[in-house]
Structures are given as structure tokens and as C-alpha cells.
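**Student:** pasting the sequence and the predicted model now:
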Amino acid sequence: MKISFWLLDINYEVKDKGAEAWLWGVEITGKRVLIIDRDFLDYFYAVLNEGADPSRVIEEIKSEKHLPIEKIETVERKFFGKPVKAVKVYCKDPDAMSKCARALRNIEGVNDCLENDIRFSMRYLIDNNVVPCGWHEVDVVEEKSSMEVHVDHVYEAKSKPKLLEKSDVPKLKILGFTTTYYSKEGSPKPNRNPVIGISVATSQGKTKEFWAKEDNDDKPLLEAFVACVRDFNPDVVVGYGVNGNDWPYLTDRCKQLGLHLYVDRTKTEPHTSSYGHVSITGRANVDLSDYADEFPEVKVKTLENLADYLGIMKIESRILIEDVEVANYWDDKTKRQMLKRFSLDNARCVMGIAEAILDFAMQLSNLVSLPLDHVGAAAAGFRVEWFLAKRTRESGELIPKRIEQPYRPYSGAIVLEPKPGLHENVIALDFKSMYPNIMINYNLSPDTYVPPKEPEPEGGVYEAPEVKHRFRKEPPGFYKQALSELIEVRNKIRSKMKTADAKSPQHRVLDARQKAVKVITNAMYGYAGWTGARWYMKPVAEAAAAWGRHTIASTIKMAENEGLNVVYGDTDSIFAKNEPEKVDKLLVEVKEKLGLEISRDKMYVRIFFTEAKKRYAGLLPDGQLDIVGLEVMRGDWAAVAKKVQEEVLEIVLKEQSPAKAAKFVQDFIYELRQKRVAYRDLIIWKTLAKPAEEYAVKAAHIEAARMLREKGWELSVGDKVGYVIVNGAGRLYERVKPYMFATYDEVDIEYYATKQVVPAAARVLASFGITEDQLLSNETKEKGSKKLTDFFGS
DNA sequence: GCGTTCAATGTACCT
DNA sequence: ACAGGTACATTGAACGCG
């Protein structure tokens, strides 16, 4: 029987007869299925020394009778572009591969063993061209089994699944949840604090709540939650921060209570796996917090903030409850309803965010071939790496071992000194995908690099400016092939998108896919220079950067020769006074001489540069401000300062009246001193970037974190701490309090005036001769006194 | 002993 | 745990003074 299925999850089971690949999927009919493939043998390579005799090595391997080796064959492969002979060693037990590889490394003639570190599931996906979140066709027979598996059919595969062109996504059942723990003081711990609530929302628009009774006994609610999951039988389970918090907590708590957290499709419990994600067999467990980085505009990445940003639930419409307050809300019967509402709303937010993110997540999973539950947890470097690993099947490249390389810095891009002040009518020109195109044009790749001592190969080399690294022109390298394909695929998707209705599901899927392709394309250069990369090759990254510098420097020269006035530039962009005919000519000349495409990007009616690089603000034709690098864009300044600076920029750019802006600042400071600004606008957020003991100096946010810990609130690396500066003497770090522990009365308003609002405003206004002192003086509030406008006009 | 100076530290941003 | 280039606030030790 032939069936078509969409691959949701993969795992493997080791049985006496060997390992089985378990493919979990959704049939085209909508049936949920498990397909078991018992016909795949895991393997690794023993790479031979040059000139070694393969048959002798094979004899020796065969003599190692104690090793669970099933089959051996000689093969031709490539390693960093060089042809090598290797012995492919098949093992029945995937878990014994590393042991085998270690033993075979000692055999004479064996240079090294490779790919023993590729896990069975990934091996299966790569070798058989089976792709997560993709459709396949496979021959199967129904399995007569007594196994308790929560799907419509269990099949045994009678062929290898064959990838289909079909690119839609089946209708999936999604379940989102949030939890509430009860702890009077400090972070909840599974060994002492019960789960008092779990709220659930599903893709079918239903919600469910499980709350503890008066005795706070969580056993019944946990049992009810498990039953709810099994009953709904979702394909995808989503939450926010679930990999690090909820799943470990719930698993541990259930263990304490003697319960089984059987939320999967077999009867196993959630378990931590690759990249720290939690695996739920037969379902895709997706932690939405893994995708928060896709939204850099959101600075403090809480569920509430992300939902607000995505327009799912506006924060103003909500009652927010801090962790510190949860127990109080629960204990106070008059407030308990608010806590329940808060939790349910959060579950709805989780479902809303899932709907916004899952398309992208599935396309990313499909593109790089990491299962949906792995791909979010995998860092950018690993996503690129698996994308490349997947391509070794065609290229015959062996996958290198991961070797931690010593860090060796190299020079990167050029940033031009901006011409400070206001400029009218400026155009930004930029190279699209500069590094990827450079890597393609000059065939920069780990397998095309020609080390200095090697003679120039036939067919010639490209030699990078300044750094002089050489790369063979032919054949096309591993990176070039991958990048060309990515760029071509993205162009195809984008042209296809134009023919699809912008609101159609097809358009959504295509847009998600082109974003996934873009992310991987843009990360390839960084990957090449990452010391943790399997295909790390510093000369590749260094040469790309050198060609980038050459490109932008040449472009500036051409622009100036053309008579254009270049006012700024960074890496792959230049900003110039807009003279359309000259720009037209430049675009053509650059393309001709450099073989790279530069195009018009943003047009600025007016643009303002400070004296610093990477910080400017421009007025766009539609009236929007484009603010870059300034305090407005930063997450570590109090909202008061950011709001004032934004208003100042608005006045300066639109009305061209620094005096009016200065007046606004003075008035604002008056309001600030009257304590009329919202308390939350005074909070400063900073990330804990390392463990407490590793800090060499004292600092405000570290001190605030210490105070939280003292009260039992656990913080870990990567967490953001919100604090305010309070009245008192001494260093800044001696006058800090976590914002939930301080009151408005304690706040040191003068700090916010002199160290937040005024510097942020002065960053802009200093260019117009307005000093911090002038901004701080409140003389405009006194009747009859001279106003700044008297000095500067309006 | 005290105020000033400046390199080091730490975070977050830009492309 | 993709790269390097950059700004900026704050700390804290070195420095200068007499």
C-alpha cells in the first residue's frame, strides 16, 4: 500500500535485530500515523591514509571480532575538497558507533574515523533525503502490533520514503499551555511548591483550565492535564519557556507525586535532548521563546511583551501579575479570579504567538532538515551546519568532526565617519546580500582554499585583496553551491509570491520559506568564521571581509568621481545626497566593475547624524522616522529617556526647530520632577551576561540581581533584570533596587533627569549648540524669564 | 588624603 | 555557541598634588 505523509517528528528505537527509525506523520487523509523503517543501518567512515591498502585495512577491521560491525565497504569520498578513500563501517547498534570508531582509529592505515558523531535520526534523514515538515510517499503494510501508540495507524515501511514536491502544510492540532506555581517566597521548586494552575488553549479555539483546590493539592490537576493532552492528542505542543522551565518542573513534580507525565504518543515522559530541547515522542514540542530573537524590536522578551508586539493581546488591556505576586493573588480570594484570568490570557497569547511563528518554524525545519522540535532550540550556527550536512549526500563531502579551534580575530568591515548634523534629500544605497555574493563570485569555500605553501592549481585562483588568501576558481566549492542554490530558491519563491493572493495560506507559507532561506543565507559568512563550526575556515571569512572592504571602498570612490556627496556608509551601504542621474550611473558602473549589485534603499527627506558612527535618524517620505542606534532603539535606557529623545528627533527632523525641542525637554523635566511620569517608564532593564561570580566589577544590574537572589528568586545567565535608581549616597550600584521592591517615593528623580533624559536629548541637541545645563534649567517655567527660543529663534 | 583621569568592564547596538 | 566594528556609562585603580 502506498501512502503520502507529512513528517512531524522522528526518533529511533534500538531493538535486538537492530535500530528502527520511527517516523511520525500526518497522512494526506488527515490520519495520524507512525511509520517504522526497520531497514536502515547506521554507519561511520574510517578514512584511509594516502596510499594505504583498503583490503588490508578491511581484513584488520574484520579481525576485531568483539565489535558489533555488520557490514564493510570501500568508498570514495572528499574531505575539504580532497579525494579520499574510506571504509564505510555499518553498525547494528547506533549507540556503539563511537566505541567502534575509537577502536578503528588505532588500526594502521586509518587516518581518522568520521561521522560517528552523526546521530541515527539525522543520519536517516540525510541519507534517505527524508525531510521534516515535508511530504513523502512510501510503501507500507499495516503493522499488527499490540503496542500502545496514540495514532490512527502504525505501518511498517516497505520502501524508503520518497520526497514529494508538495509544499503545503496539513491542518495540525496544536495545544498551548501555561503554568502557575505556588511559592510564598522565591522561585518555585518542584520538591516543595505545587503547580496550582495550568491553562490550555487549542488551535480549535477551545480553552481549558485546571486549578488546584483549597488544599493546593496538585495531583488531581496534573492528572487532569495529562488526560486533556491525551484526549486532544495534539501534533504540536507549544509554550513559552517550556524547555527550560515548565517541562523540567512538571516532570520533576510528577516524579515527586508518583505520577507519570504521559503526554506523548507512546508512553514515555518528556525528556531533554539535543540543544536542550525537550522531546515529546510523536509530537513536536515547540518552545516559542526560541523564536523571540526573530523580533529584535522587543527588548524584554516576556510572553506579554511579545504578544503585545505581535498584536495578539495589547498590554494596556491586561492586568499583569509579577512572579513575586502570584502567591498573594492566589491566597487572596478577592484577587484569585484575576490570577486565573492572567493565566488563561497567557495561554491565549501562547496560541496566538504559535500561529504567528509556526509557519516560519516549519519552513526553517524543512530547509535545514532539523526536526521541528529541534530547530528552534538550535543556535544559528547549528542550523547552517545541518543545512550543509544535508548537502554532503550530493557533494560526497565527509562531515568534519567538531574541533574546538583557538579564537583568532580578523579584520571586518569598514564604517565611514558620518558628516554630523542635518542633511536634506539623502539616498541610502546598499549591496543586497553582499557577503553571500562575494563568496559565490570568488568561490570562497573550505574546500577551495589554497594554502600559501601549495602551488597554484590548474584553472587559476582568486586572490583576496589585503589578506592575499587564494581560492581555486574551479570547481564550484561547497559553499558556493549551497549559496547559489539558496539565492536561486529565494528568487523563485519571491516571484511565486507575486502570483499568489497576499492573504492566501500559500502566500503565508511562501513568505515564511523565503524568510527561512534568507536567514540561512545571511548566516553563512559568520558560520565560516565561527571557531565552533565543523567547516570552520578563517581564510574564507577573512577573505570575504577583505573583498567587502574593497567593494565598499571602490564604490565610494566611484560615487565621488561621479560627483556624489557621500555622507555616511557602513559595511555594505553608502549614504549620499540624492542626485538621481548620478546615482543611476553609479549603479550601472558598480555592477560592471565590481560584479555586485548595489541598489537604492531608503530615501530620506532629511537625515541627522551625530558625530558617532552607527547612530543616526532620518525622516522618510511617508513621515515615519528611521532611528538607528540611538537611545530610542536601546533596551537598556529608561523609557522616559527614549520617549523624550524620540520626540526631540521628531521636532528636529520635521519642524527643524531645535529650540522647540529644547523647550519640550525642559517642560518634560518639570513634569518628571513633579513625579507625573509613570513608574514603569523609570525601569532600566539589563541582561545578566554571565554568572554572578565571574563579574570583575560591581554594577547596578548585578546588584539588583543579588537582591533578588537574596529573597530566593533564581536568575540565570541571559535573564533581564529590571531595576530603578533610588535616593541615597554613594556609587550607583549602591542606590539600586529591583523595580518590584521599590516605591515611587524612593526613586531618585534627579538621576533620571541628569543621567537619562538629558543625555539622551543632548545626544541630538548638542549638534545645535544646546548644552545639558540648558536642558536642565527650568527657567522656562518661570514667568517673564528668557526662554531658549529667545536665543535660537523658532 | 582627596579629587581627577583614564583604561577596563559591561551591555547593546549596526551591518 | 554566526562575524567584526562601534558607542557609551560606570567602575576603580593609578595619578597628581603638596
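**Tutor:** Everything's here; your move.
**Student:** which stretches of the stretch 651-794 of chain A have low pLDDT?
**Tutor:** A:778-794 (pLDDT under 70).
**Student:** apply 90 and report the result again.
**Tutor:** Residues of the stretch 651-794 of chain A meeting the criterion pLDDT under 90: A:729, A:776-794.
**Student:** who in it is up against DNA strand B?
**Tutor:** A:685-690, A:694-697, A:699, A:701-702, A:720 (CB under 7 Å from any atom of the strand). Just so you know, the C-beta spots here come from the backbone N, C-alpha and C atoms, and that holds for glycine as well.
**Student:** got a list of what residue A:583 touches?
**Tutor:** A:427, A:429, A:564, A:576, A:600 (CB atoms under 8 Å, 6 or more residues apart in numbering).
**Student:** doesn't the fourth one lie inside a strand?
**Tutor:** Yes. Counting by DSSP: H, G, I helix; E, B strand; the rest coil, residue A:576 is part of a strand.
**Student:** how many other residues sit next to the closest residue to it other than its chain neighbours?
**Tutor:** Using CB to CB, 6 or more residues apart in numbering and skipping the chain neighbours, the partner closest in space to residue A:576 is residue A:564 (4.4 Å). Residue A:564: 21 surrounding residues under other CB atoms under 10 Å.
**Student:** buried among the residues of the stretch 651-794 of chain A next to DNA strand B? Need that as a selection in PyMOL.
**Tutor:** Buried residues within these, by 16 or more other CB atoms under 10 Å, are selected in PyMOL with:
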select buried, chain A and resi 685+686+688+701+702+720
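**Student:** how near is residue A:85 to residue A:50?
**Tutor:** 8 Å (CB to CB, to the nearest Å).
**Student:** write out the residues of chain A neighbouring DNA strand B.
**Tutor:** Residues of chain A lying near DNA strand B (CB under 7 Å from any atom of the strand): A:296, A:299, A:413, A:430, A:570-573, A:614-615, A:628-629, A:633-636, A:685-690, A:694-697, A:699, A:701-702, A:720.
**Student:** DNA strand C next: which of those are close?
**Tutor:** Among those, DNA strand C is touched by A:413, A:571, A:614-615, A:629, A:697, A:699 when using CB under 7 Å from any atom of the strand.
**Student:** so the residue sitting nearest the centre point of chain A, which state does it fall into?
**Tutor:** Nearest to the mean C-alpha position of chain A, counting by CA atoms, centre = their mean, stands residue A:293 at 4.7 Å. With three-state DSSP as the basis, residue A:293 sits in helix.
**Student:** what of the one 4 residues further on?
**Tutor:** Classification of residue A:297 by three-state DSSP places it in coil.
**Student:** now it. Nearest residue, chain neighbours left out?
**Tutor:** residue A:309 (6.6 Å).
**Student:** and the one you found, what does it touch?
**Tutor:** Contacts of residue A:309 (CB under 8 Å, 6+ apart): A:295, A:297-298.
**Student:** need the buried ones from the residues you listed selected in PyMOL.
**Tutor:** The PyMOL command for the buried members of the contacts of residue A:309 (criterion: 16+ other CB under 10 Å) is given here:
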select buried, chain A and resi 298
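**Student:** of the contacts of residue A:309, which is the nearest to residue A:354?
**Tutor:** residue A:295 (14.4 Å; CB to CB).
**Student:** residue boundaries of the strands in the stretch 501-650 of chain A?
**Tutor:** A:566-569, A:573-577, A:598-609, A:616-619, A:625-628 (DSSP state E, counting those that start in this stretch).
**Student:** smallest gap between chain A and DNA strand C, at which residue?
**Tutor:** Chain A approaches DNA strand C most closely through residue A:526 (1.8 Å), counting by CB to the nearest atom of the strand.
**Student:** in contact with residue A:758, which residues?
**Tutor:** Here residue A:758 is in contact with A:665, A:669, A:772, A:775-776 (criterion: CB under 8 Å, 6+ apart).
**Student:** repeat that with 6 Å
**Tutor:** By CB atoms under 6 Å, 6 or more residues apart in numbering, residue A:758 lies in contact with A:772, A:775-776.
**Student:** quick check on residue A:389: phi, psi?
**Tutor:** Dihedral pair for residue A:389: phi -60, psi -40, per degrees, to the nearest 10.
**Student:** name the helices or strands packed onto the longest helix along chain A?
**Tutor:** Looking across chain A with DSSP state H, the single longest helix is helix A:333-368. Under the contact definition 3 or more CB pairs under 6 Å, 6 or more residues apart in numbering; DSSP states H and E, helix A:333-368 sits against strand A:174-181, strand A:195-202, strand A:236-239, helix A:303-309, helix A:326-331, helix A:372-375, helix A:380-395, helix A:505-528.
**Student:** same question for the biggest strand by length in chain A, mean pLDDT?
**Tutor:** When chain A is parsed with DSSP state E, its longest strand is strand A:2-15. What strand A:2-15 shows for mean pLDDT is 96.
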